[in-house]
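[1] Quick one: sequence plus predicted model below, questions after.
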Amino acid sequence: MSQERWDVDLKVLNGPMASLGVQVRRGPVVRIGVNPGPTGFALSGYRGVDARHCVITIYGEGEATVAPVGSNQVRAAPHPHVDWKNIDPIRGPEYINKGGALHLGPVGRGCILEFVGSRRVGQWTGGGMSSEAARVEAASIATHARQEVRKVGSTSGTIRNIAVKGAPIWILGCMSLMVITAMSVVLGVLFLRPPSPMEMPDLPVAQQREFYEEVNPKRSKLVEKRLSGFNDAFFQFVAKPNAEHAALVGNRSDIDDIVDPEKWDKELLEYIVASFEVHARSPVVLKKLDSVKDHYLDVLIELRNANPPLPDVFAGIPYLESRYSPRALSNVCALGWWQFMPEYGYRARRNYGMDFQVGQCPIYQAGSSEPIMWDPRKATPHIPAKKSAYVNYQDDENYNCAIRNGSLKGICKQDDRVDLKKSTQLAMRDFQAPWKDKELAASGAAVQTTIMSHNAGYDASVFGEKKPKYGNMIAAYRRHKKKVSAAEYHKFYGMNLRCKKSESKSECKPKSVLYPRVQHYGYPIIAEHFLAACYYGANYANKHKIFKEYRDKFGGSKGYCNQLKIKTKKELGLN
């Protein structure tokens with residue numbers, strides 16, 4: 001069994017290990033802490049750093065996520081020149097990119113690391129991307145990685161430390177006071193550039209972060225100024241399809257509340273705008289959108305060719321779920337473009353009559369070198385998914401996918417989740433239940449409700465679950481209806497954006513009918529599509545009529561794209 005091997009380059013920027021330069025660790029998963037175990041990156045001499053403090057997982061060249069272990073404090077920034085006191089600890093996996101910085105432990109103590117980058121190094125034998133246990137058990141890897149500190153050798157290529165010879169010659173002859181003064185001047189010049197969102201008090205995340213799940217529009221004066229500029233986008237992508245659908249499927253005669261800007265779901269729009277503002281200022285996001293343009297277009301075409309056609313904004317779902325990567329794998333074995341669970345193959349065949357295969361999945365349980373072959377036998381995963389048969393579960397903070405095949409065609413020997421066309425067709429088939437639901441259609445919020453159903457489910461009872469344990473959308477909407485007047489049915493999403501993603505439902509005040517994780521799932525998808533429409537319309541109008549339509553609708557002198565000055569392909573330095 002083989003798996004891609006990645007070399008991960010890390011550099012300690014403070015404390016006793018700062019002089020060691022770039023350190024190389026074998027990925028694609030690297031544990032970091034005082035005693036991380038074999039294959040990990042061991043930190044020595046740092047207060048406030050736990051034995052196993054965090055985990056870095058590599059997904060591609062220079063692309064990775066970092067996740068804290070348990071309640072350990074981990075902060076992430078686009079570069080180390082930030083005030084760490086102004087950055088909140090992350091609560092779950094966050095994307096980091098080449099040159100990004102991490103602060104492990106409490107501010108004022110702990111360790112600061114730079115993620116220098118990563119690179120593919122052929123194949124290695126062992127476990128899957130998310131399975132630490134199997135990789136630790138692989139003797140050859142464990143032996144190789146037991147070196148606590150490994151200097152970069154002659155193969156380091158362009159990766160090097162900041163050498164003295166790279167500084168201006170006059171600095172070399174200065175006394176220490178002059179050096180400090182000179183560096184202050186240099187830093188002053190560097191920070192004369194336009195402020196990034198990390199440095200702007202109303203933008204809560206870093207400019208170079210690729211992906212954002214939670215924002216706070218209430219703290220942003222910029223959002224207040226931008227709201228009216230997004231009216232056209234919100235109308236075209238959300239309000240209009242909701243109104244048309246309410247009339248056609250929901251048999252609703254009065255749709256004024258849905259289409260009238262004065263009666264829109266303003267709280268949802270505020271979150272969309274706040275998320276858009278953060279994304280639009282990140283060159284990493286724009287470059288990623290550029291790199292996935294063909295796949296994004298493929299999904300748009302499939303959505304428009306569906307019967308009935310589905311809203312364009314649904315194309316933002318695979319960007320949030322996988323960043324349009326077929327090999328994205330979660331620690332509960334969700335895989336592929338749309339992050340389908342293994343049970344989706346059985347669901348597709350039994351409920352939809354589709355030829356969609358997920359089977360012959362080799363499960364490697366902790367401590368075992370021989371797999372157990374497993375095939376899905378139900379349409380929905382075990383709730384909670386982390387306790388499914390295919391997950392190595394230790395406790396609520398430590399679990400990973402136990403299916404490891406290592407094939408480019410998926411983690412199971414039969415795995416259509418990595419096929420974009422097949423998985424998109426399955427996603428559209430799965431959308432049909434919430435999209436065609438007359439009650440949800442009549443609500444005037446079918447677009448956002450269907451998006452959230454991809455995360456929370458529509459109605460698990462249709463797949464054999466008698467009492468769905470999680471907030472399926474139809475049940476959540478019915479609870480919302482009991483609390484509000486008919487004129488506020490379409491504000492289902494905005495009126496229930498009440499919790500931080502890190503909170504439990506019981507901690508959320510005022511209470512919401514949606515689980516916290518679901519609340520912060522839908523609006524980034526809509527915001528990403530607003531941004532994708534701008535970027536593709538401005539740069540690829542000649543590629544396809546859909547992109548041309550985006551340019552013509554939103555790129556004129558009064559279009560929201562033109563007003564927001566989205567960077568062009570040329571300005572990003574792309575060919």
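    Looks like it arrived, so ask away.

[2] and the strand or helix carrying Ala532, what does it pack onto?
    Here Ala532 sits within helix 516-539, counting by DSSP states H and E. Using 3 or more C-beta pairs under 8 Å, 6 or more residues apart in numbering; DSSP states H and E, the elements in contact with helix 516-539 are helix 266-280, helix 283-291, helix 293-305, helix 316-322, helix 446-456, helix 545-554, helix 560-564. The way it works is simple: take the backbone N, C-alpha and C, and place the C-beta from them, glycine included.

[3] could you give the mean pLDDT of that helix?
    Helix 516-539 comes out with an average pLDDT of 93.

[4] Same question for stretch 10-17.
    For stretch 10-17, mean pLDDT rounds to 89.

[5] swap in stretch 397-410?
    Taken as a whole, stretch 397-410 carries a mean pLDDT of 80.

[6] Name the nearest residue to Glu267, sequence neighbours excluded.
    Gly494 (3.2 Å; C-beta to C-beta, 6 or more residues apart in numbering).

[7] I'd like the distance between that neighbour and Ala487.
    Between Gly494 and Ala487 the distance is 14 Å, computed by C-beta to C-beta, to the nearest Å.

[8] swap in Met495?
    Using C-beta to C-beta, Met495 is found at 12 Å from Ala487.

[9] Between the two, which is the more surrounded one?
    Legend: neighbour count by other C-beta atoms under 10 Å for Met495 and Ala487, higher for Met495 (20 against 11).

[10] Please settle this for me: is that one part of a helix?
    Yes: for Met495, which was evaluated using DSSP: H, G, I helix; E, B strand; the rest coil, the result is membership in a helix.

[11] For Tyr59, see how far away it is.
    With the distance defined as C-beta to C-beta, Met495 ends up 36 Å from Tyr59.

[12] confidence score at Phe431?
    pLDDT for Phe431: 94.

[13] and if you look at Gln339?
    With respect to pLDDT, Gln339 scores 93.

[14] now the one 3 residues further on
    In this model, Pro342 is scored at 94, pLDDT.

[15] wait, what's in contact with it?
    Remark: with contacts taken as C-beta atoms under 8 Å, 6 or more residues apart in numbering, Pro342 is in contact with 333, 335, 358, 361, 376, 381, 390, 403, 412.

[16] Farthest-apart pair in those, please.
    Set against one another by C-beta to C-beta, the contacts of Pro342 have their most distant pair in Pro381 and Cys412, with a gap of 14.2 Å.

[17] Among those two, which residue is more densely surrounded?
    When Pro381 and Cys412 are compared for neighbours, Cys412 comes out ahead with 28 against 21, by other C-beta under 10 Å.

[18] Tell me the one of the contacts of Pro342 nearest Arg323?
    If you rank the contacts of Pro342 by distance to Arg323 using C-beta to C-beta, Leu335 comes first, at 13.6 Å.

[19] Run a quick neighbour tally on the closest residue to Arg226 other than its chain neighbours.
    Computed as C-beta to C-beta, 6+ apart, the closest residue to Arg226 that is not its neighbour in sequence is Val273, at 5.2 Å. Counted by other C-beta under 10 Å, the residues lying close to Val273 total 28.

[20] for Val273, what are its contacts?
    217, 223, 226-227, 230, 527.

[21] As TSV, these with secondary structure would be great.
    What follows is these, written out as TSV (three-state DSSP):
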residue	secondary structure
Pro217	helix
Val223	helix
Arg226	helix
Leu227	helix
Phe230	helix
Ala527	helix
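
[22] what's next to the helix or strand hosting Asp430, contact-wise?
    Using DSSP H and E, Asp430 sits in helix 420-436. Contacts of helix 420-436 from elsewhere in the structure, counted by C-beta under 8 Å, 6+ apart, are 245, 249, 295, 298-299, 302-303, 306, 310, 314, 317-318, 326, 336-338, 340, 344, 347-348, 352, 354, 356, 416-417, 440-441, 446, 449-450, 453-454, 458-459, 462, 473-474.

[23] what's the answer for stretch 386-399, then?
    Outside stretch 386-399, the residues that touch it by C-beta under 8 Å, 6+ apart are 69-70, 131, 133, 331-333, 342, 361, 363, 365-366, 374, 381-382, 385, 400-403.

[24] Quick one: end-to-end distance for that stretch.
    Looking at stretch 386-399, the gap from its leading to its trailing residue is 7 Å under the measure C-alpha to C-alpha, to the nearest Å.

[25] buried set for that stretch?
    Applying a neighbour-count criterion of 16 or more other C-beta atoms under 10 Å, the buried positions in stretch 386-399 are 386, 388-393, 398-399.

[26] Check stretch 419-429 too.
    The neighbour-count criterion (16+ other C-beta under 10 Å) identifies 419-420, 422-429 as the buried residues of stretch 419-429.

[27] out of those residues, which one sits closest to Val24?
    Taking the buried residues of stretch 419-429 together and measuring to Val24 by C-beta to C-beta, the closest member is Leu420, at 33.6 Å.

[28] Just confirm Pro80 is within a helix.
    No: membership of Pro80 in a helix is not supported by three-state DSSP, which gives coil.

[29] how close does the closest residue to it other than its chain neighbours sit to His81?
    Of all residues beyond its chain neighbours, the one nearest Pro80 is Ala101 (4.0 Å), with distances taken as C-beta to C-beta, 6+ apart. Here the distance between Ala101 and His81 works out to 8 Å (C-beta to C-beta).

[30] These two: which has the busier surroundings?
    With other C-beta under 10 Å as the criterion, Ala101 and His81 differ in neighbour count, and Ala101 comes out ahead with 23 against 12.

[31] Show me what the more buried one is bridged to.
    On the basis of DSSP bridges, Ala101 is bridged to Ala77, Glu114.

[32] Could you list the domains of the chain?
    The chain is divided into the following domains under automatic domain parsing: 2-147, 217-322+424-528, 344-383+403-415.

[33] rank the ones you listed by mean pLDDT and give me the bottom one.
    Taking the average pLDDT of each of these, the minimum falls on domain 2-147, with a mean of 75.

[34] Which residue ranges of the stretch 151-300 of the chain form helices?
    In the stretch 151-300 of the chain, the helices defined using DSSP state H, counting those that start in this stretch lie at 169-172, 176-190, 221-226, 231-234, 240-248, 256-259, 266-280, 283-291, 293-305.

[35] quick one on the thing from earlier: list just the nearest of the buried residues of stretch 386-399 to Gly15.
    Asn398 (26.9 Å).
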